[in-house]
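Enquirer: Task: produce atomic coordinates for the following.
(chains A and B, ligands or ions: 1)
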Amino acid sequence: MSRYYRATGINLKRQPLGEADLLLTIFTREQGLLKAVAKGARKARAKMGGRLDLFVVNDLQLYSGRSLDQVVQAETLHSFNRLSRDLGRLGSAQYWAEAVLAEAVPGQGHPELFDLFLEHLGRLESCATPEIMAQLVHGLYQFLQVSGVAPVVDYCTSTGRVLSQEAAGFSLPLGGLVATECLSDLTQTQPVTQEQVNALQWLPQPVLPPELLVHPIWSDVERLLRRYLEFYLQRSVRSADLLAVCLA
Amino acid sequence: MYTRPLARLIDQLQRLPGIGPKTAQRLAFYLLKRPKQETLQLAQSLIDATEQIGVCRQCFTLSAEDPCDICSNPNRELSQVCVVAEPRDVIAMERTREYKGRYHVLGGLLSPMEGIGPEQLKVKELVQRVNRDEVGEVIMAINPSVEGETTILYVGKLLKPFTKVTRLASGLPMGGDLEYADEMTLARALEDRRELI
Ligand SMILES: [Zn+2]
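Expert: Modelled structure (predicted):
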């Protein structure tokens, strides 16, 4: 069996290793998360230098070594370099990367999540600046949805009653919305306004309606989703702390 | 397998970056085979460096003196501050012999995913310094990676109300370390720096 293999992957993490190497965490379409070393990548004349930056998608040739796999060749398919236009985009992309890193599994391909992640990075790169928050929240929900862990937004998680245009509650342990009549019996539940319910109910859709793209509601929804994500992951979302600064 | 002090030496060497068990063993045997005096000198320089080198409280570079040679040099422009990520980047910039201003070492790059925010870096100190010294230009000498861009944009945003902020021209190795850039490339990137918009 050949010890060389190929994969299409997006770089999500890079750590310096030794004198001039890089240890990369790559989310690949075919085999989920993998860690691989790129020899000499930090040197100025390194052939692969820029291809190993975060959010660059490469067609990779890898060699499975005894301890760590090695990136032998990287051919860039796409680099989302317009994310660097402003802090909001850079911050949002890193926030997503943290969520995707938590959802992706080593050795197990998740092509739907991979494709969706790239699709949303493209939207984030090209959207108008005031739309960044809406895109951030939408992408985040979509990644959770395709991984089967999104919070329930269309019915009461306690009674199963369908929720329409109405105020409700959001329960962390039940993982989604609850009807107002159930609010009093539940712990770790916070009330949500009718407007917030409406915004949440748009999130499972593949695109958001144009009239909602620039709207202050998304900051509230982001905080709600973040609390959900943190409850579910049992740790804090580090990138989110910088978000306020990035989007200010 | 090894006599105890030798095992300890190998273990210590092995903790250094880029050194695996094999290399550590080879180095340890080499050190013991050399004239005793030479190896003791190496040990003494390790002790001296560890004990004498601290950080300059003005620019946060590594230095045995506080303030460092650059900060205490009256011929270095007070109104120009070059912001770098690490002390070794100061060396890289100095090698160009083109830069006559001062430095500010952030101590890393903003990396939200790693939980490295502005509080972990010398950002607040930079803002204070820019105001106190009436700095006329801040040059961001940071590599254009995602973390590098995040840092440039963030620090730029904070400083723009007070001073002119520029960044090195492109042409620097993408994703490579600043320290690996050759002097010519770095000097040109400095010369062609552009204002942050
Ligand atoms: Zn100094």
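Enquirer: Got the domain ranges for chain A?
Expert: Annotated domains of chain A cover A:4-79, A:82-247 [automatic domain parsing].
Enquirer: Just checking the distance from the first one to the centre of its chain.
Expert: Taking C-alpha atoms, centre = their mean, to the nearest Å, one finds the center of domain A:4-79 at 20 Å from the center of the full chain.
Enquirer: Let me see the mean pLDDT of that domain.
Expert: Domain A:4-79 comes out with an average pLDDT of 89.
Enquirer: right, quick check: that domain against chain B, any contact?
Expert: Yes - shown here: domain A:4-79 in contact with chain B (C-beta under 8 Å from any C-beta of the partner chain) through A:13-14, A:16-21, A:41-46, A:48-55. Heads up, the C-betas are built off the backbone N, CA and C, glycines and all.
Enquirer: Which members of those are positioned in strands?
Expert: Members of the residues of domain A:4-79 next to chain B lying in strands (criterion: DSSP state E): A:Lys13, A:Arg14, A:Pro16, A:Leu17, A:Asp21.
Enquirer: Show me which of the residues you listed are buried.
Expert: When burial is judged by neighbour count using 16 or more other C-beta atoms under 10 Å in any protein chain shown, the buried members of these are A:Lys13, A:Arg14, A:Leu17, A:Asp21.
Enquirer: Among these, which one sits closest to B:Leu126?
Expert: Lowest distance from B:Leu126 to these (C-beta to C-beta) belongs to A:Arg14, with 24.9 Å.
Enquirer: Identify the bridge partners of the closest one.
Expert: Applying DSSP bridges to A:Arg14 gives these bridge partners: A:Leu24.
Enquirer: Now render the buried ones among the ones in strands among the residues of domain A:4-79 next to chain B as JSON lines, adding distance to the ion.
Expert: JSON lines is the format used below for these (distance: C-beta to the ion, whole Å):
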{"residue": "A:Lys13", "distance to the ion": "33"}
{"residue": "A:Arg14", "distance to the ion": "29"}
{"residue": "A:Leu17", "distance to the ion": "30"}
{"residue": "A:Asp21", "distance to the ion": "31"}
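Enquirer: on that earlier part again, right, and the pair among the ones in strands among the residues of domain A:4-79 next to chain B with maximum separation?
Expert: Within these, A:Lys13 and A:Asp21 form the most distant pair, 14.3 Å apart (C-beta to C-beta).
Enquirer: Tell me the buried residues within the residues of domain A:4-79 next to chain B.
Expert: Among the residues of domain A:4-79 next to chain B, those classed as buried by 16+ other C-beta under 10 Å are A:13-14, A:17-18, A:20-21, A:41-44, A:46, A:48-55.
Enquirer: Chain A contacts on chain B?
Expert: Where proximity means C-beta under 8 Å from any C-beta, the interface of chain B facing chain A comprises B:17-18, B:110-115, B:117-118, B:144-147, B:149-150, B:153-154, B:157, B:173-177, B:180-182, B:185.
Enquirer: following the longest helix seen in chain B, which helix or strand shows up next?
Expert: In chain B, assigned by DSSP state H, the helix with the most residues is helix B:36-52. Along the chain past helix B:36-52, the next helix or strand (assigned with DSSP states H and E) turns out to be strand B:54-55.
Enquirer: Just checking: what are the partner strands of that following strand?
Expert: Strand pairing for strand B:54-55, determined by DSSP bridges: strand B:62-63 (antiparallel).
Enquirer: How about residues contacting the partner strand?
Expert: Strand B:62-63 is contacted from outside by B:Ile53, B:Gly54, B:Val55, B:Cys56, B:Asp69, B:Pro87, using C-beta atoms under 8 Å, 6 or more residues apart in numbering or on different chains.
Enquirer: Spit out the contact partners of the fourth one.
Expert: So the one you mean is B:Cys56. Counting by C-beta under 8 Å, 6+ apart, B:Cys56 touches B:Leu62, B:Ser63, B:Glu65, B:Asp66, B:Pro67, B:Cys68, B:Cys71.
Enquirer: got a list of what the third one touches?
Expert: Contacts for B:Glu65 were tallied using C-beta under 8 Å, 6+ apart; they are B:Cys56, B:Ser72.
Enquirer: So what does it look like in phi/psi?
Expert: Listed backbone geometry of B:Glu65 is phi -100, psi 150, with angles given as degrees, to the nearest 10.
Enquirer: Distance of it relative to B:Arg76?
Expert: 14 Å (C-beta to C-beta, to the nearest Å).
Enquirer: Please apply the same query to the first one.
Expert: As judged by C-beta to C-beta, B:Leu62 and B:Arg76 stand 17 Å apart.
Enquirer: same question, A:His138
Expert: Separation of A:His138 from B:Arg76 (C-beta to C-beta) stands at 50 Å.
Enquirer: on that earlier part again, want to throw the contacts of B:Cys56 into CSV with pLDDT?
Expert: Output for the contacts of B:Cys56, formatted as CSV (pLDDT from 0 to 100):
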residue, pLDDT
B:Leu62, 96
B:Ser63, 96
B:Glu65, 94
B:Asp66, 94
B:Pro67, 95
B:Cys68, 97
B:Cys71, 96
